[in-house]
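Trainee: the following comprises the amino acid sequence and a computationally predicted model.
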Amino acid sequence: MKSSTHLKNQQGVALLVSLILLVAMTMLGISSMKGSSTELTMAGNLRESGLTFQAAEAGLRQAEAIVEDSSSTAMFDGTSPSLLSNTDADPDYLDKTSWDSATTTSISLAGISTNPQYIIKFLGNWAQNPLALVNIGAGYGGQPPGSIISNFRSTSRGTGQTGKTARTVQSYYGKQYIN
C-alpha cells in the first residue's frame, strides 16, 4: 500500500520540470536569434560605411586629377559650383543641399546608389596661404624659382548602397605651375 501512495504524490512533477526546461530553452533560443539579428545589422552598417568611404575617396582622386591636369588656376574662378576661387565663400560641406550643383564624377562603383561628387577650392599661392607657408616654406625650402605652387582643397561626398548615408572627405593638394 505504501508504494501506491508514493506514486500518487509523484504525479505532475515530471510535467512541471519539463515545462521549466522548455521555457529555459525557448529563452535561450530567442536570445540567440536576437544576437544574430544584431550582428547582421552591424555587418550591414560596416559594409555601408566602407562603401561610402570608398566612394568619397574615389571622388577625391578624380578631383586631384583635375587639378593635376590643369595648366593654370584660371579655371578656378568661381563660375562653376565645383571649381571655387580663393575669394569664394566655403559651402557647408555637411549640408546635403550644398551638393545639389556640385560636379558628379564619371566613376562608376559597384554597390553605390549615386556616383561621388566633388568641390575643388583654389586656396591661393603658397605665399598667400599661412598653412602652405609653414609646410612648403619650412619643409621644402620654399617656392622653386620660375614656378608658382598653388594650393587646392578638394572635398568629396560619397554615398553608400542605400543612399541614406554619406561621407565627406577632404584633401589638400599642391600643384606647381611653371611660368
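Mentor: Arrived safely, thanks for sending. Numbering: from 1, shown residues only.
Trainee: drop to CA atoms for contacts and neighbour counts, all remaining ones
Mentor: Noted.
Trainee: right, and the helix or strand after the lowest-mean-pLDDT helix or strand in the chain?
Mentor: Of the helices and strands making up the chain, the lowest-confidence element is helix 130-139, at a mean of 57, by mean pLDDT, DSSP states H and E. Read in the C-terminal direction, the helix or strand following helix 130-139 is strand 147-159, with elements assigned using DSSP states H and E.
Trainee: could you say what helices and strands the longest helix belonging to the chain packs with?
Mentor: Of all the segments assigned as helix in the chain under DSSP state H, the longest by residue count is helix 13-69. In this structure, helix 13-69 makes packing contacts with strand 117-125, strand 147-159, strand 166-178, judged by 3 or more C-alpha pairs under 8 Å, 6 or more residues apart in numbering; DSSP states H and E.
Trainee: how far off strand 147-159 does the shortest one point, in degrees?
Mentor: It stands for strand 117-125. With axes from the mean of the first three to the mean of the last three C-alpha atoms, to 10 degrees applied, the angle from strand 117-125 to strand 147-159 works out at 160 degrees.
Trainee: so what strands line up beside strand 117-125?
Mentor: Its sheet considered, strand 117-125 pairs with strand 83-84 (parallel), strand 103-104 (antiparallel), strand 147-159 (antiparallel) by DSSP bridges.
Trainee: of those strands, which is nearest Lys96?
Mentor: Closest approach to Lys96 among the strands paired with strand 117-125 is made by strand 147-159 (9.3 Å; C-alpha to C-alpha).
Trainee: okay, and for the protein, where does confidence drop off?
Mentor: Regions of the chain meeting the criterion pLDDT under 70 cover residues 1-11, 127, 129-147, 179.
Trainee: for the closest residue in space to Ser108 that isn't next to it in sequence, what are its contacts?
Mentor: Ranked by C-alpha to C-alpha, 6 or more residues apart in numbering and with sequence neighbours excluded, the top spatial neighbour of Ser108 is Asn115, at 6.3 Å. In this structure, Asn115 makes contact with 55, 104-109, 158-159, judged by C-alpha atoms under 8 Å, 6 or more residues apart in numbering.
Trainee: same deal with Leu60?
Mentor: When contacts are counted by C-alpha under 8 Å, 6+ apart, Leu60 touches 118, 154-156, 169-171.
Trainee: cutoff 6 Å now
Mentor: Contact analysis of Leu60 by C-alpha atoms under 6 Å, 6 or more residues apart in numbering lists Ser156.
Trainee: roughly how far apart are it and Ile149?
Mentor: 20 Å (C-alpha to C-alpha, to the nearest Å).
Trainee: Met75: how many residues sit nearby?
Mentor: Applying other C-alpha atoms under 10 Å, we find 15 other residues in the vicinity of Met75.
Trainee: again with Ala55
Mentor: A count of neighbours around Ala55, defined by other C-alpha under 10 Å, yields 28.
Trainee: no more questions from me, cheers.
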